[in-house]
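Undergrad: sequence first, predicted model second:
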Amino acid sequence: MSTAVATQATSARGRYAWIAGIVFVIALLAESVISTGVGLTHHDSAAKIATGLHEHRDRLLVVAYISAVYAVTFVIYLCCLYNLLRQNSELGRILGHLVLIGGVLFVALHAVSDIGITGLLGAKLASFSYQHDQGLAYMLYLMTYAVDSVGDVFGSLAAVAVGLLVMRTRILPRWLGWVSIVAGILFFLQGFGLGGVIATFGLVLDLAAFVLFLTFVLASSIILLRRGKTVQSESHPVAA
């Protein structure tokens, strides 16, 4: 009886983890849509960026709040994905470490950008820069692109490692492994354009990588969530 209860508890925790993956995708998409509403790009002048950030400072705070949600939920998803894919072989352990280290650095640097810098702009610095020093808002706005780009370079390690582990374990469909690997390659290559700050191709590659990355997280979360429900229903057969 105790073993059955423990199995049920583990299954429940797993379902929460995969729900966290779905919440992460929703939160990240919502944050991206709201950020787009600011209507600025890294090509705009310092004056336009300072004015735009000042006018949309409440929107910046909403971005920071939603980003806190995606940061926490991604860590939950990441840890459970690592636990699912880890192997005892030497290569499996190395890949597993890359998943955790790369994934944590990926989300941490995005959180610094979207929660820390964007939150500071919304709370204090956008208004101060608009009134006293437009260059400050310009620098911090471009810094968000740069920090995100660095995070994506580290994320490339996690994405490629996850893809290889999916290929080895076959726990998820093989096509999802390829999706993760291609996303990782694009995440790495975008770093040479610093997410668009150095060259436009960096932003294009970054956007393509994020589409593939979110596809992997959402698809894997739905597959594993449904698989967990199937296991639970089999452990609780309906009486005839």
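TA: Cool, got the structure.

Undergrad: how many other residues sit next to Gly184?
TA: Residues contacting Gly184 under the criterion other C-beta atoms under 10 Å number 26. (Each C-beta comes from the backbone N, C-alpha and C, glycine too.)

Undergrad: and what of the one 5 residues further on?
TA: Per other C-beta under 10 Å, the neighbour tally for Leu189 reads 18.

Undergrad: that one and Thr41, how far apart?
TA: Relative to Thr41, Leu189 is positioned 21 Å away (C-beta to C-beta, to the nearest Å).

Undergrad: ditto for Leu61
TA: Leu61 is 21 Å from Thr41, by C-beta to C-beta.

Undergrad: so which of those two has more stuff around it?
TA: Between Leu61 and Thr41, counted using other C-beta under 10 Å, Leu61 has the larger neighbour count: 16 against 12.

Undergrad: what residues are up against that one?
TA: Counting by C-beta atoms under 8 Å, 6 or more residues apart in numbering, Leu61 makes contact with 119, 122-123.

Undergrad: list buried residues within the residues you listed.
TA: Among the contacts of Leu61, those buried by neighbour count (16 or more other C-beta atoms under 10 Å) are 119, 122.

Undergrad: which of the contacts of Leu61 fall within strands?
TA: Among the contacts of Leu61, DSSP state E puts none in strands.

Undergrad: can I get the contacts of Leu61 in TSV with distance to Leu81 and pLDDT?
TA: TSV is the format used below for the contacts of Leu61 (distance: C-beta to C-beta, whole Å; pLDDT from 0 to 100):
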residue	distance to Leu81	pLDDT
Gly119	28	96
Gly122	32	95
Ala123	33	93
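
Undergrad: can you list the weak-confidence ranges in this structure?
TA: Along the chain, the model assigns pLDDT under 70 to residues 1-14, 229-240.

Undergrad: please redo it, this time with the cut-off set to 80
TA: Within the chain, the stretches with pLDDT under 80 are 1-16, 228-240.

Undergrad: centre-most residue in it?
TA: For the chain, the residue nearest the mean C-alpha position is Val107 (5.8 Å; C-alpha atoms, centre = their mean).

Undergrad: give me the contacts around the helix or strand where Phe187 lies.
TA: In the assignment (DSSP states H and E), Phe187 maps to helix 174-190. Contact with helix 174-190 is made by 149, 152-153, 155-167, 201-203, 205-206, 208-210, 212-213, 215-216, 219-220, as judged by C-beta under 8 Å, 6+ apart.

Undergrad: can you check stretch 88-102 too?
TA: Contacts of stretch 88-102 (C-beta under 8 Å, 6+ apart): 78-79, 81-82, 85-87, 154-162, 164-165, 168.

Undergrad: in it, what's buried?
TA: Quick answer for stretch 88-102 (16+ other C-beta under 10 Å): 92, 95-96, 98-100, 102.

Undergrad: please state the offset of it from the chain centre?
TA: Centre-to-centre, stretch 88-102 and its host chain are 19 Å apart (C-alpha atoms, centre = their mean, to the nearest Å).

Undergrad: got it, and stretch 138-148?
TA: Counting by C-alpha atoms, centre = their mean, stretch 138-148 comes out at 18 Å from the chain centroid.

Undergrad: same deal with stretch 162-170?
TA: With C-alpha atoms, centre = their mean, you get 19 Å for stretch 162-170.

Undergrad: what's the answer for stretch 116-124, then?
TA: 20 Å.

Undergrad: same check, this time on stretch 190-208
TA: Offset of stretch 190-208 from its chain centre (C-alpha atoms, centre = their mean): 17 Å.
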